[in-house]
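*Asks:* okay, here's the prediction I keep looking at, along with the sequence it came from:
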Amino acid sequence: MNNEEKTKEIKNLEKTVQYLNHKIEEMELDIFADTEKIKEFRKYAWENKGGMDAQELNSVRTSSEQEAILLLRERDYFKKLLKIKDAPYFASIVVDDENQEKQKIYIGMTYLKDDNKDNLIYDWRAPICSIFYDYENGPCSYEAPMGIIKTHLYQKRQYKIENQKLKRIIDSAINIDDDILQEVLSEASTEKMKNIVNTIQQEQNSVIRNTKDKHLIVQGIAGSGKTSVALHRIAFLLYKIKNLSSDKILIFSPNQIFTECISNVLPELGEENTLETTFHDYLSKIINEYDHVESYIDFLNRYYANDTTNIELLKYKQSNEIIKDLEDFVKYLEDNISFKKGIVENKVFEYSKEELNDLFKNRYSSVVFFERIDAMALKFSENNYRGSKKKAKTYHKLLLEAMEFKKDYKEILRMFYESDFFKGKLKEVELKNLKNKKMINYDDALILIYLKGLMEGFPYEAYIEQVVIDEAQDYSYLQYLILNKIFKKASFTILGDVNQNINPFYNYNSLAELNNIFKGKYIELTKTYRSSEEIIEFANKILNLNHICAIRKDNHKPVILRDKLTYLKKDVLYLKNSYKSLAIITKNMDMAKSIYEYLKDKINISLVDINTTLFNKECVVMPAYLAKGLEFDSVIVYQDSKAYFTDLESKLYYVAVTRAQHELIVYRVLD
């Protein structure tokens, strides 16, 4: 780059910074003045409400609310400007404008307009900015509100700006997977996930900006940035979709550790964090028949600690086959349970057994079992009490008594397990526990939820418009059926990797199988940005893979294999001194505790378990199923004769080794 070009860029940054600082100062004063104005306005309304009629009072309230909404928007934008103050933009493109003249567009985390309403900075989510992520120099196009706009890309440039000073300029005519990306990849891992807005790749961008398809199903290999893509997609949808707000988006994450790890990405992008839950937490809200629902992690630990007795039964209980068995069982109940007698209410209103059965079997046959009872009870109350619903509960009770069938889901679940529809066999003590104990196992809870939904209808979450599911491969087909029925109006973004499935009882050949439920678009992310080439090569051998493309180029350290425990302390000290983060990953929690006890008096180390939410990544030990979605500069995978990864657990082993970014040491101490 010649000096003239350099000088232009420096002057542009100075001009932008000057205006940005001015805008921040101006908005700070305006926001303070508007806040005081609203306070005075509300005070006036309160003090004079006695002298206003209803129409005047309503007008004052409406005006106050509108001003408050505008003030909140102004505050949100003010916060975004503060976030970009030190580095206003990170890239630029030069394209033809509508008059076929060259136009330079600077791209940042949010927009900035000058006094003439011209853009000094474009928000990275603006339609034209997609060119930066999708094209090399040459003919290009982007999708604008008025349709596809064709143009020509002459220049693509990246900037490193710190404290409002230009540190580096890189022309990236062909792609953005070299200098800046490699610099980002070489950085040490931190407790929190970072935004990737300046290094989004073309295949990632195709997921982030997709608004044509209601549902997206994304298969991405380990380290392909699935979670980052999901979060940047949320930020894009909040920008793109009118009236969509963070509280209308729900993320299902694997555990609370993962939730904490991603908690700062959306705020970095200038958006509020969305609603978040785990499937277990959501189950616990729906199931009120038991005090506690076993967590997915405890369920896994039962298996990986060799604490399960009937593997084949557990596989069947989570299989696709049991879905039809449940549906057939409920159909059998609907066909064979009938009213044994008529009802009389208030000694006046009488319905015969025949009338009740006709209504139940014919008129209301289009709705589910207990909804038929609800509909009949409501109808009787409205017919007999001039449209009033007040007697509906009375009729409901009388109808169930006449049917001689209780709405007792513990008992109905037991009935299913004892029926010919259930293709397994539970021991008598297991059947008794279903009725008596206060906790329900995870596998039974899934069946109970579907059974309840078939018999009384699924709860409907009408307020949620977008659902994001990460680590999608760990959810069974039955779970997706349940979620699709609960969030039936929402759009789904589902991201996972079939090679990282840690559920030993359920497996997908491809996430494309979910198209049978969601009828969505299936996309694959095939590049990995997390691990070095040597680590990826080692991981490939575990699952006999050969299609993974490693992008990281900063490291050429071989994977080290160990067969003696005596090396462990030395290896831990070496990795701690070489990197900012280290994880010792084991097969199960018992082994993690054992390693922790062995090292805790020698080295400063933390144990991560199911109750952990915050932890320092400097040196931790954890089971592989809690390391899902996390990454560390260095990793030691430890296994011995008490807990080693068998051939059937190769996917869990794959998860463990692919947590490493720069260096990996694998122990197999079997003597």
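*Replies:* Happy to help now that I have it. What you see is a predicted model, and the numbers here were worked out from it, not measured in a lab. Residues are numbered from 1 along each chain as shown.

*Asks:* residue 449: how many residues sit nearby?
*Replies:* Neighbour count for residue 449, taken as other C-beta atoms under 10 Å: 24. C-beta coordinates here come from the backbone N, C-alpha and C atoms, glycine included.

*Asks:* swap that for residue 258, please
*Replies:* Number of residues near residue 258 (other C-beta under 10 Å) recorded here: 23.

*Asks:* for residue 515, same thing?
*Replies:* 14.

*Asks:* repeat that for residue 147.
*Replies:* Around residue 147 there are 6 residues (other C-beta under 10 Å).

*Asks:* so it versus residue 13, what's the distance?
*Replies:* Between residue 147 and residue 13 the computed distance is 34 Å (C-beta to C-beta, to the nearest Å).

*Asks:* one more: residue 575?
*Replies:* 40 Å.

*Asks:* the two: who's more crowded?
*Replies:* Taking other C-beta under 10 Å, residue 575 and residue 13 do not tie; residue 575 has more neighbours (23 against 19).

*Asks:* show me what contacts the more buried one?
*Replies:* When contacts are counted by C-beta atoms under 8 Å, 6 or more residues apart in numbering, residue 575 touches 582, 633-634, 636, 663, 665.

*Asks:* how far off centre is stretch 290-306?
*Replies:* Centroid separation for stretch 290-306 versus its chain: 21 Å, with C-alpha atoms, centre = their mean, to the nearest Å.

*Asks:* show me what the mean pLDDT comes to for that stretch.
*Replies:* For stretch 290-306, mean pLDDT rounds to 86.

*Asks:* distance between the ends of that stretch?
*Replies:* 26 Å (C-alpha to C-alpha, to the nearest Å).

*Asks:* so which bits of it are buried?
*Replies:* Going by neighbour count (16 or more other C-beta atoms under 10 Å), the buried part of stretch 290-306 is 290, 293-297, 299-304.

*Asks:* strands along the stretch 1-150 of the chain, start to end?
*Replies:* Using DSSP state E, counting those that start in this stretch, the strands of the stretch 1-150 of the chain run over 91-96, 102-108, 112-113, 119-123, 138-144, 147-162.

*Asks:* output the one helix or strand residue 373 maps to as CSV - backbone C-alpha positions only.
*Replies:* Using DSSP states H and E, residue 373 maps to helix 369-384. This file holds the C-alpha atoms of helix 369-384, laid out as CSV (Å, rounded to 0.1, in the frame of the first residue of the first chain):
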residue,chain,number,x,y,z
PHE,A,369,-58.5,-37.9,25.5
PHE,A,370,-58.7,-35.5,28.5
GLU,A,371,-59.5,-32.5,26.2
ARG,A,372,-62.7,-34.3,25.4
ILE,A,373,-63.7,-34.4,29.0
ASP,A,374,-62.8,-30.6,29.3
ALA,A,375,-64.9,-29.8,26.2
MET,A,376,-67.9,-31.8,27.5
ALA,A,377,-67.7,-30.3,30.9
LEU,A,378,-67.6,-26.8,29.5
LYS,A,379,-70.5,-27.4,27.1
PHE,A,380,-72.7,-28.8,29.9
SER,A,381,-72.0,-25.8,32.1
GLU,A,382,-72.7,-23.3,29.3
ASN,A,383,-75.9,-25.1,28.2
ASN,A,384,-77.4,-25.4,31.7
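
*Asks:* just name the shakiest helix or strand of this structure by mean pLDDT.
*Replies:* When the helices and strands of the chain are scored by mean pLDDT, DSSP states H and E, helix 179-186 comes last with a mean of 54.

*Asks:* and the strands of the stretch 1-150 of the chain: which comes nearest residue 533?
*Replies:* Taking C-beta to C-beta, strand 147-162 is the member of the strands of the stretch 1-150 of the chain nearest to residue 533, at 24.0 Å.

*Asks:* ok, now how distant is residue 256 from residue 220?
*Replies:* In terms of C-beta to C-beta, residue 256 sits 23 Å off from residue 220.

*Asks:* and residue 577, by the same measure?
*Replies:* Noted for residue 577: a distance of 33 Å to residue 220, by C-beta to C-beta.

*Asks:* when the two are compared, which one has more neighbours?
*Replies:* Comparing residue 577 with residue 220 by other C-beta under 10 Å, the one with more neighbours is residue 220, at 26 against 8.
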